[in-house]
Structures are given as C-alpha cells and as structure tokens.
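**Student:** Predicted model follows, preceded by the sequence.
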Amino acid sequence: MKKLLPLLTLILLSGCSLRTLNPVSNSAEKITDLIYLSFAIMMLVLAVVFILFALFIRKYKERPETSDKIPKEKKENKLLEVTWTVIPIILIAILAVPTVKATYDITSTISGPDDGVSKEAVVVKVKAEQFRWEFTYENGKQTMDELVLPKDQKVTLRLSSNDVIHSFWVPRLAGKMDVRPNKENRLSFVPQVTGTFQGKCAEFCGAGHANMRFETKVVTQEKFEDWLASE
Amino acid sequence: MNLPSIGQIPSDVVAAWIFTIIVGIVLLVWLTKLKKWPVVFEYMRTTHHRKIGTMYILFAIIFFFRAGMDAMLIRTQLAVPKNDFWVFQGDKYNEVFTTHGTIMIFFVAMPLLIGLMNVAVPLQIGANDLAFPYLNAISFWFFLAGGLIFNMSFFMNSAPNAGWTAYAPLSTDTYTPGPNINYYILGLQVSGLGTIFTAINMIVTVIRLRAPGLKLSKMPLFPWSTLVTSSLILVAFPVLTIALVLLMFDRFYGTSFFTGEIGSPVYWQHLFWIFGHPEVYILILPAFGVFSDVISNFSRKKVYGYTSMVIALALIGLLGFMVWAHHMFTVGMGPLANSVFAITTMLIAIPTGVKVFNWLFTMRGGVIRMKTPMLFALGFIPTFVMGGVTGVMLAVAAADYQYHDSYFVVAHFHYTMVGGTILGAFAGIYYWYPKMTGKVLDDKLGRWHFWLFLIGFHLTFLPQHFAGLNGMPRRVYTYTWADNVFIFNAISTVGAYLMGISMLFVIWNLYKTHRYGKKADGDPWDGRTLDWSVASPAPEHPFNPMPKVKRMDEFWYRKVNNKGLEYADDPRPSPISVETYQPIILAGVMIALSIAFIYLWVWLQVILGAGVLSFLVIRSLTDERRQAYREEERS
C-alpha cells in the first residue's frame, strides 16, 4: 500500500501536464486514449493483487500462538483457478481489440506505397544524420532543426537517415517512427493546436544523441503558406 | 598491430587503475596473512557443484558492485538539468550505460541465477553432482573469462559504447571504429559459450540424475524452472552467437550483413531480440522457481496449484519465443506484424498472472514466517506485478509508439529485472547461504538490506515512468529545465543512492556472519525439499545412501511424522568429479585469444586458436570415468 502513495501523489502533481498525455494531433490523441484505457484495466489488476496480498499477510503472519502450527493441506479450488485464468483472458481481449484497431489506424498511414500519400497532405522530407535534422518542403525550402507545420491539415513526413538509425519523436504530436538508412519510413498526422513543441531523436545514435533535438512549430494555414513562400 | 594508445587517458580510467591496484595489493596481503592460498587453489581446480556455484555468485556480486557504480555515475550525471559531472557526458556517458546494461544482464543476473542452480538443483533432486562436473568448471571459467574480457575494455579506455543492444549500423566499424565494440563481441561470445554448456549440463542433470521415485511431476519448482530455462538457453543463446559472429565479420572482414544495399541493420535487431526476448525469460523463470520454493517453505504449505505452476512455466517459455518483435514496433514493420506481436505479448500476462495468484494462495491459510528470504519474496510480488502491468501497457503496439525508447521502458524493465530477478537472487542467496557456507546470514542486517533496497528501488524507478511519459528518451546524458523532468530525475537519484547504501549492509552482513556467526545445522529454515536433508555446507557426494522419494516434499512429510527418509538400495552411479587446472588454463587461453581478435593480431590468433582446438581434441579423447570403472572392477 505504501507503494501506491507516492504513485498517487506524483500523478496528482504532474500527471496532467505530461507531454504524451496532452496530445495536439489526431493520432497522438488516439494513443493517449489507449494509454488511459490500458492504465485503467491494469490498475484494476494491480488493485486486486495488492488487496489480496495485504489481506493474506495480515491474516496469516506468524504469531506467537501459531509459531508451532502446521497448517492443514487443502486441495486446490478448481473454480478459483479457472477464474484467475479466464478473467485475465477477458481483460486482454478488451484491450486487444482497440489495440489492433488503433495500430492499423495509425500505422497504415505511416508507411505504404507511394500513392498512399494523399494529394492534400503537406509532404516534408526528413533527413536525419549525426546529430541534426534537415527538413525539405515540396517547394525546395529547407530548414535545419526546425519543422514548421500547418494546423488542421494532414502532414506526411518521409523519413530517412544518412548514417545510423535515428528515431523521430515529437511527444505531443505523434509517436515515434524510426529513421533508417536505405529505407524510407512514413509518419502522418493532423496537428490540431498551434504552438511550439519539442522534438527529439529517440533512438540512441552516438555521442551527440542527447542533443539531437529540433523544434516543431504548428502555425495557422495562412501563416504556413506565407512562411513557405518566404526565403 | 594497433596498440591501444597511452596518453590523454581520462581521469576516471586512471582512478579505476589506482583503485584496482590498491584493492589487488590489499587482497594479496590479506590472503597471504590469513594463509588462505590453499583454499584459493582448491577452488581453482574444483569441479564440485557447490564450490562452482559459490564462485559464480561471488563474482556476480563483485560485478554487481562494478555495474552498480556505473548506475551511481549515471544517476549523478542526471541528478540535475544541464549537469557536468566529472567526465560523464557524450561518449563517456554512452560507455557507462552500455557497460551498466551489459554487465548487469550477462555478468550479474545470469551468473547469480546459474550459481544458485549450481548450488541448489543437484541437492533438491538428490543428485550427487551435476551430470558433467568437468564441463561445469569449463562453463564457470568461461563466464569469468568473458566477464574479465568485457571489463578489461574500461581499463584500456575503450569501453563498448553502443548500448547493450549494440544496434547496427552504429555498432559497425564505420561508426564505432575503435576496439570498443570488439570487447563487447568477444566478451559475450566467450561467456555465452559457458552459458550454453551450463544449459546442457542442467538439462541432463535434471532428466537423468533425480533420486529414485522423484518423478518430474513431484520435483520442486526451482529444478523445474531450471529445466525450462536451460531449454530456452539452448535455443536462444546460439542465436546470439550467430548474431555476434555476423557483427564480427562486418567489423573485421568487411562483410555487409547489417549495412549497405543488401544488408540491413534491422536484421541485427531481429537476431538480437530473437535471442534477447527469451533471454529476459531466462532471467525471470529461475527467480520464479526460487520464489515458489521460498514462499512455500516460509508459509509452511505446499505450493498452491503445482500443476498449473509447471504448465505456466512451460507456456511462458514457449510464448517467450514468439514476442521478440515487440522491441521493434517503431522500426516500420507495418500494422499486421505489430498487431500479431502485440497480442502474443499480452498473452504472456495470463500464465504469469496464474503464477502470481498461486503464490498468493500458497500463503493463504499458511503460517508466514518473516525471515529475510521470505521478505525478498514478499517484496517481489507487488513490485513484479507493477512491472508486469506496465509490460501489458507496452504491448499495446500503438501506445508503444509513445513509450518506446523512453524512460517508461527503462522503468518497466528495471521493475521486472530488479523486482524479479535481483530480488529472486537475493532471496535465493539468503535462503541457500547455509548450504553454500555453513552459516546463516544475519537476519537483522538482512532486513536493513531488504527495506533500504526496496524503498530505494521504488524511489528510483517509479518516477522514471513519468519522466518517460513526459518525453524523456533513454540513453541521454542531459536534459533541460524546459523538459520538466527534473523532479523525477532528482527523486530517482536519491533512490539510487539509497540502493547503493543498502548494498553496504550486504558487505557488513557477510563480515559479521563469518566473524561471529554460529555454524548452521542441515535444516535451518525447517525446509521441505531434499536439499535440507543434507549437512550445511553441502558435502561432496551428499546423498550416500541415496534417499527414496514417494511424493512431493517427501523430506517435510517424513519430518512432520517424525520419520527419517527411506533409502534406495541400488541408486544410479554418481558423476565423477576430478580436480584439475585444465578449465582455468583453457579460460586463460580464451582470454588471450580474444585479445588477439580484439586488436586483430593475426599471428597470435592463429597460434592460440590452434592451441584451443588441440585442447578440444585431446579433451574429447580423455574419459576420467575409465579409471573409476577400472577401480570398480578391481574391487
């Protein structure tokens, strides 16, 4: 029980401001919902185990009057054994269905054949190399360590690396996608809120890994068009 | 020849040299003064399972302090944002977390468990030794050789720096040209060989050398977990061997398995995790076995749901081979693969849950005695379940896109590896210490160790979940105030120091026990299994006469009914132990051969390689049983 206490206080203190739980895009939102769902189911399991654990220890702890007692052996209760096999199966089924659905929803837009990129989407080429990010827009405009995206419009990133494996991560906008040499990965999402969000390399890539960061600015569509047209 | 350069050696390496030389001199003086050299030589040539097991555990604990120092350095560097602690930024920090991870997995967790298996499994099943005592000595000295090769790298200022997973292409010679990763490859290769030999040894021992009447269906759960684990090792470790050989070829001989147009770095990830995921079950199943025996013993009840416990062990082992790609959800495999691996991963929760409830119901209706081994087992249950539930959360493939490679994952695997494996190893060490040394470790100091360790552990790793959810990637040496993860890291650092302090109680306890402790009798815990029917410390050939077993926990029921064990008339012949320096010499040659590979000294490779091969030929033609048979015939 005393282990739950710091957990709860920490959640109260900071749980509400954690980046991955404050999504600002459609796909990050789906992930956040899944995190909450799985967390709720798992807390249920944790509660059952903790309660039984505390109960049994309190009740059956050795006492002076029981120190010589040899407890009677009882046969296993088949019903109990079936219960704690079947209930977890049900819980996992409850979790598995939305997992598969969300995985298909988010991942199918990540990689796929070339024609998978819809015409309306803003396409940005992302090149990663030790230890920086280079972003190239459709009109040839290039930026370094700064990604600018329009609000409420689908964005498709085409990720590839010049050297080792990196991973593209903007916690509030989308889950990670690895950036590999010799193979292109895709990542799509629709930013829904304007603002500046941190981006990081999430796959260990060498001496400067910790500093391989970039900024993502989500701006209104008009501002984005202006920015794109400017030098 | 490219000798490691001397000059511009960083101060931490200098400090390590000075420290090691001082400790070495103190140790030599101390051994000479106490006239302990005969004991050292005895252990150097032994093939006895208890002595080898004790050495495994001793060196695992030494490596535990070594890799624990790494952890302290990591936590100190991360204590505050933008920290500049000593030399541990950039590549130095990368070396520290790489050696921390690799040593903790391969040279701490593995040998702790294998050491406990060595000590306890033969005694629990009524075997007089492991099936192949000579091979067992080879296994141990290969493990130690691997550990020494790996640790040597630090003293040569070229510690591996690509993470314990050594992902290609970062680990290929293009991006890490020095000898650093070579140390990693050769160290793991040599110790891995030893592990495979142990697996063979354990399987044969459990299958062939059980006491008469001790059917598999009556065997205690620790030998059962050993059997399952050894089968996993036998399948998984050769995959690591192959992966390491391919990486070695990429680095040394210009092949391109993991780079270029045809090769792919993802092949490395697949191979590594096809080994790596069974590996984490290899680490946890023996701990499960220890807990089953300890909880049953200290609740004075037979383990609840024995059959389902065995089935769960086997199922976890089997499913363990079908989940490796959940380490690679973000690599771009596509939704089908991700979904399949998500579901197989979730399925593992079911047999694991069965085991947890069985442990809980073993305690129900029993008399729970709060001795140190039981405390560790009790600390394990909530801790491990917390690690288990985050495991299921991680299995949700889409959500893993956020958790992946963040501190959330770091927190999760420390909850399972420390909360499971390390607590299990501690429980096992406190439990079987009398069988190893003949003394019971001090209970009061054991309690101090337990509580400080457990509280320190939760303080360290619970906040890391939140650091991860707030976007802190793993393997970074610094973070900013704006990242908003300072408070989590600060608490984490305090907890880590608490864990460090708790380990000092282990040293104090060892000193106190051996200085003042009384000799333990054969059955200090009022045990249930055959290991408690023999003297402490376990003698050579302890089962003479050989006991006959009719049911589970035979020793306990006989004891309760005030009857002695029954003995069998015609037991199976025991393995023949020998005293020989050959294994330690072979291990020494393996170290030299590995160094020849690490620095690419071709002629040395040829000469030493020929030496090792000819040793293998000679060894295959010798059979120490022949002499024993001859003596038997004569009498």
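**Tutor:** Okay, I see it.
**Student:** now chain B, which segments are flagged as low pLDDT?
**Tutor:** Applying pLDDT under 70 to chain B flags residues B:1-7, B:570, B:635.
**Student:** Tell me the residue of it that sits nearest chain A?
**Tutor:** Of all residues in chain B, B:Tyr401 sits closest to chain A, at 2.2 Å by C-beta to the nearest C-beta. All C-beta atoms are positioned from the backbone trio N, CA, C, and that covers glycine.
**Student:** tell me the SS of that residue?
**Tutor:** helix (DSSP: H, G, I helix; E, B strand; the rest coil).
**Student:** what about it, neighbour count?
**Tutor:** Neighbour count of B:Tyr401, defined by other C-beta atoms under 10 Å in any protein chain shown: 29.
**Student:** Report pLDDT for the nearest residue to it once chain neighbours are set aside.
**Tutor:** Distances taken as C-beta to C-beta, 6 or more residues apart in numbering or on different chains put A:Gly175 closest to B:Tyr401, at 2.2 Å, once the chain neighbours are dropped. With respect to pLDDT, A:Gly175 has a value of 92.
**Student:** same check, this time on A:Lys3
**Tutor:** 55.
**Student:** Tell me how many other residues surround B:Thr172.
**Tutor:** Residues near B:Thr172, counting by other C-beta under 10 Å: 25.
**Student:** pretty sure it contacts B:Leu247?
**Tutor:** Yes - counting by C-beta atoms under 8 Å, B:Leu247 is a contact partner of B:Thr172 at 7.4 Å.
**Student:** returning to that earlier point: can you tell me how far the residue of chain B closest to chain A sits from B:Ile585?
**Tutor:** Distance, B:Tyr401 to B:Ile585, by C-beta to C-beta, to the nearest Å: 52 Å.
**Student:** what do you get for B:Arg515?
**Tutor:** Taking C-beta to C-beta, one finds B:Arg515 at 35 Å from B:Ile585.
**Student:** A:Glu134 should be in a helix, yeah?
**Tutor:** No - under three-state DSSP, A:Glu134 falls outside any helix and is assigned strand.
**Student:** which strand residues sit across from it in the sheet?
**Tutor:** Under DSSP bridges, the beta-bridge partners of A:Glu134 are A:Lys127, A:Met144.
**Student:** from memory it sits against A:Lys141, does it?
**Tutor:** No - with contact taken as C-beta under 8 Å, A:Glu134 and A:Lys141 are classed as non-touching, separated by 11.4 Å.
**Student:** Show me what the host helix or strand of B:Ile21 packs onto, helices and strands only.
**Tutor:** Here B:Ile21, judged by DSSP states H and E, is contained in helix B:11-33. Helices and strands touching helix B:11-33, by 3 or more C-beta pairs under 8 Å, 6 or more residues apart in numbering or on different chains; DSSP states H and E, are helix B:133-155.
**Student:** Longest helix in chain A, please.
**Tutor:** The longest helix of chain A (DSSP state H) is helix A:26-60.
**Student:** Go ahead and measure how far that helix is from the middle of the chain.
**Tutor:** Put simply, helix A:26-60 sits 18 Å off its chain's centre (C-alpha atoms, centre = their mean, to the nearest Å).
**Student:** That helix - what's its average pLDDT?
**Tutor:** 95.
**Student:** burial count for B:Phe97?
**Tutor:** Neighbour tally, B:Phe97, other C-beta under 10 Å: 24.
**Student:** Give me the helix or strand of chain A that scores worst on average pLDDT.
**Tutor:** Here the helix or strand of chain A ranked lowest by mean pLDDT, DSSP states H and E is helix A:4-14, holding a mean of 56.
**Student:** And the residue nearest the centre of chain B, how close does it get to B:Phe63?
**Tutor:** By C-alpha atoms, centre = their mean, chain B has its centre lying nearest to B:Met110, at 1.7 Å. For B:Met110, the distance to B:Phe63 (C-beta to C-beta) stands at 10 Å.
**Student:** what do you get for B:Met117?
**Tutor:** B:Met117 is 17 Å from B:Phe63, where distance means C-beta to C-beta.
**Student:** In terms of neighbours, single out the busier of those two.
**Tutor:** Comparing B:Met117 with B:Phe63 by other C-beta under 10 Å, the one with more neighbours is B:Met117, at 31 against 22.
**Student:** Does that one touch B:Met202 like I think?
**Tutor:** Yes - applying C-beta under 8 Å as the test, B:Met117 and B:Met202 come out as touching, 6.1 Å apart.
**Student:** Which residues are in contact with each of these two?
**Tutor:** Common neighbours of B:Met117 and B:Met202 (criterion: C-beta atoms under 8 Å, 6 or more residues apart in numbering or on different chains): B:Thr226.
**Student:** give the contact list for B:Pro545.
**Tutor:** B:567-568, B:571.
**Student:** Quickly name whichever of those residues is closest to B:Leu188.
**Tutor:** Comparing these against B:Leu188 with C-beta to C-beta picks out B:Pro571 as the nearest, at 39.4 Å.
**Student:** Common neighbours of B:Thr172 and B:Leu247, please.
**Tutor:** B:Phe258.
**Student:** Give me the buried stretch members for the longest helix of chain A, please.
**Tutor:** By 16 or more other C-beta atoms under 10 Å in any protein chain shown, the buried positions in helix A:26-60 come out as A:26-28, A:30-32, A:34-35, A:37-39, A:41-42, A:45-46, A:48-50, A:52-53, A:56, A:60.
**Student:** Return the residues in contact with the closest residue to chain B within chain A.
**Tutor:** At 2.2 Å from chain B, A:Gly175 is the closest residue in chain A, using C-beta to the nearest C-beta. If you count contacts by C-beta under 8 Å, 6+ apart, A:Gly175 has them with A:27-28, A:31, A:106, A:169, B:330, B:398-402, B:404.
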